[in-house]
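**Student:** build me a model from this:
(one chain, ligands or ions: 1)
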Amino acid sequence: MSLSEITRTTTADLYDAYVLKNYGRPALTLVRGSGSHVWDDQGRQFLDFSTGIAVNALGHCHPYWVAAVQRQAGELIHVSNLFRNPNQGELARRLVGYAGPGQVFFCNSGAEANEGLLKLARLHGATKAGGQEGICYKVICAKNAFHGRTFGGMSATPQEKIQKGFRPLVSGFAFGELNNLASFEALIDDTTAAIFIETIQGEGGVHPATSEFLIGLRKLCNDHNLLLILDEVQCGIGRTGKFFAFEHAGVRADAIGMAKGLGGGFPIGAIWAGGKAAELFQPGMHGTTFGGTPLACAAALAVLDVIEREGLLAHVEKTSVVWHAALRQLAVDFPAQVLGVRGRGFMVGIQLASEPPPYVAALREAGLLAPMAGGNIIRLLPPLNATEEELACSVEILRSVLVAKA
Ligand code: PLP
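**Tutor:** I've put the predicted structure just below:
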């Protein structure tokens with residue numbers, strides 16, 4: 001038995017014996033990454049367009065990011081939020097530069113960011129109700145949304161496969177149709193505190209909110225004194241060619257949730273709140289032990305530095321034009337298998353005519369890692385610095401799999 005076989009067997013055995021069974025995983029053990037590629041324990045190389053589900057914004061082990069994290073790890077890693085640390089202040093300043101005047105709270109994941117946002121919604125509702133709790137607390141979300149696996153996140157995620165087994169959920173959520181403004185408007189009443197949606201639904205199958213819809217939601221929120229809260233956990237941090245996906249629509253949110261790409265692979269989440277939403281949290285109302293550590297913030301600062309120095313927003317915007325055209329051509333060439341291509345920048349969903357697992361497996365065998373999403377979608381989430389050649393390579397691998405399955 002070779003060394004690589006021993007490693008593989010051992011890892012598979014360890015997972016079987018000791019790792020809880022809440023994921024169905026392929027038989028693949030990844031051991032190394034560099035740029036847009038990862039390698040498994042047998043030395044096989046993959047083009048990684050899953051990027052840890054939109055997390056590795058700079059690809060794997062970008063030297064600038066690695067140096068920043070190594071430097072910080074040797075200096076100061078964690079102090080808790082009982083004390084200030086310089087990196088947290090600086091990262092907050094940089095995020096305010098992107099999001100607009102406001103303030104930031106740091107946490108550790110997308111679900112945790114969303115929990116904080118839901119608490120902001122409740123506080124805003126209580127303010128509207130003259131300081132009384134339990135009167136104005138409804139949050140209107142979108143059907144087919146995904147906001148995370150915590151109780152608040154699940155309650156805002158109206159999908160049977162997510163909620164089943166965990167009821168009763170948190171009360172006070174209602175659901176309109178994405179891109180149907182009238183369906184949201186019809187749900188607004190005196191108990192409503194906020195509207196909370198993903199700017200581009202990710203797990204639900206890559207469904208962008210249209211600019212017209214976002215502008216309409218902004219107006220509804222202004223007219224009814226509701227917070228407009230946008231979940232940019234997956235679509236934010238440059239993935240669409242703007243720092244935040246809602247910038248394409250020219251709207252502003254009252255509060256924003258971020259995570260995934262922000263740390264470039266190091267866990268960090270954040271809430272930005274502006275205007276009246278920035279005044280809701282008072283000392284003692286919300287917190288987290290790990291949020292905004294010097295190390296997590298150093299990782300995120302390195303991500304922002306590289307996005308800015310390497311011009312990655314413009315890179316995504318520019319290179320995605322040719323890439324999308326090539327992907328759309330697949331729908332033309334293989335109409336029986338590919339029903340359409342949608343998304344923005346480096347967040348793309350390929351709508352298949354049948355269930356994706358056989359395609360995902362075949363793509364993996366052909367050297368491309370791409371996750372699924374709801375509604376028979378294959379998602380492509382390249383690192384923001386993927387080259388034109390790597391983007392073209394993804395299309396060729398997809399084409400080869402479609403030919404083989406035709
Ligand atoms: N919100 C959105 C839009 C997401 O895509 C996800 C994760 O996929 C989450 C929230 C939850 O984030 P996390 O898995 O970091 O808790």
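
**Student:** residue contacts, N56?
**Tutor:** N56 makes contact with G33, D48, G261, G264, G265, P383 under the criterion C-beta atoms under 8 Å, 6 or more residues apart in numbering. For glycine as for every other residue, the C-beta is placed from the backbone atoms N, C-alpha and C.

**Student:** after the helix or strand harbouring I229, which helix or strand is next?
**Tutor:** Using DSSP states H and E, I229 maps to strand 227-231. Note on strand 227-231: by DSSP H and E, the next helix or strand toward the C-terminus is strand 255-258.

**Student:** now do the strands in the stretch 151-300 of the chain.
**Tutor:** Assignment of strands within the stretch 151-300 of the chain using DSSP state E, counting those that start in this stretch yields the ranges 173-176, 192-198, 200-201, 207-208, 227-231, 255-258, 269-273.

**Student:** just the CA coordinates for the strand holding I229, please, in PDB.
**Tutor:** Extracted as PDB, the C-alpha positions of strand 227-231 are listed here (Å, rounded to 0.1, in the frame of the first residue of the first chain):
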ATOM      1  CA  LEU A 227     -35.100  48.200   7.600                       C
ATOM      2  CA  LEU A 228     -33.800  46.900   4.300                       C
ATOM      3  CA  ILE A 229     -31.400  44.200   5.200                       C
ATOM      4  CA  LEU A 230     -29.300  42.500   2.500                       C
ATOM      5  CA  ASP A 231     -27.600  39.200   2.900                       C
END
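
**Student:** check which helices and strands that strand sits against.
**Tutor:** Based on contacts counted as 3 or more C-beta pairs under 8 Å, 6 or more residues apart in numbering; DSSP states H and E, the elements that strand 227-231 packs against are helix 110-128, strand 192-198, helix 211-224, strand 255-258.

**Student:** the ligand: which of the ones you listed is closest?
**Tutor:** Across those, the ligand has its closest neighbour in helix 110-128 (2.3 Å, C-beta to the nearest ligand atom).

**Student:** can you pull the contacts of S155?
**Tutor:** Contact partners of S155, counting by C-beta under 8 Å, 6+ apart, are Q163, L169, V170, S171, F173.

**Student:** residue numbers of the protein in contact with the ligand?
**Tutor:** Within the chain, the residues that sit near the ligand (C-beta under 6 Å from any ligand atom) are 53, 109-111, 114, 146-148, 198, 202-203, 231, 233-234, 259.

**Student:** ok, 8 Å please
**Tutor:** When proximity is defined by C-beta under 8 Å from any ligand atom, the chain lies next to the ligand at 53-54, 109-114, 145-150, 153, 198, 201-203, 231-235, 257, 259-260, 267, 269.
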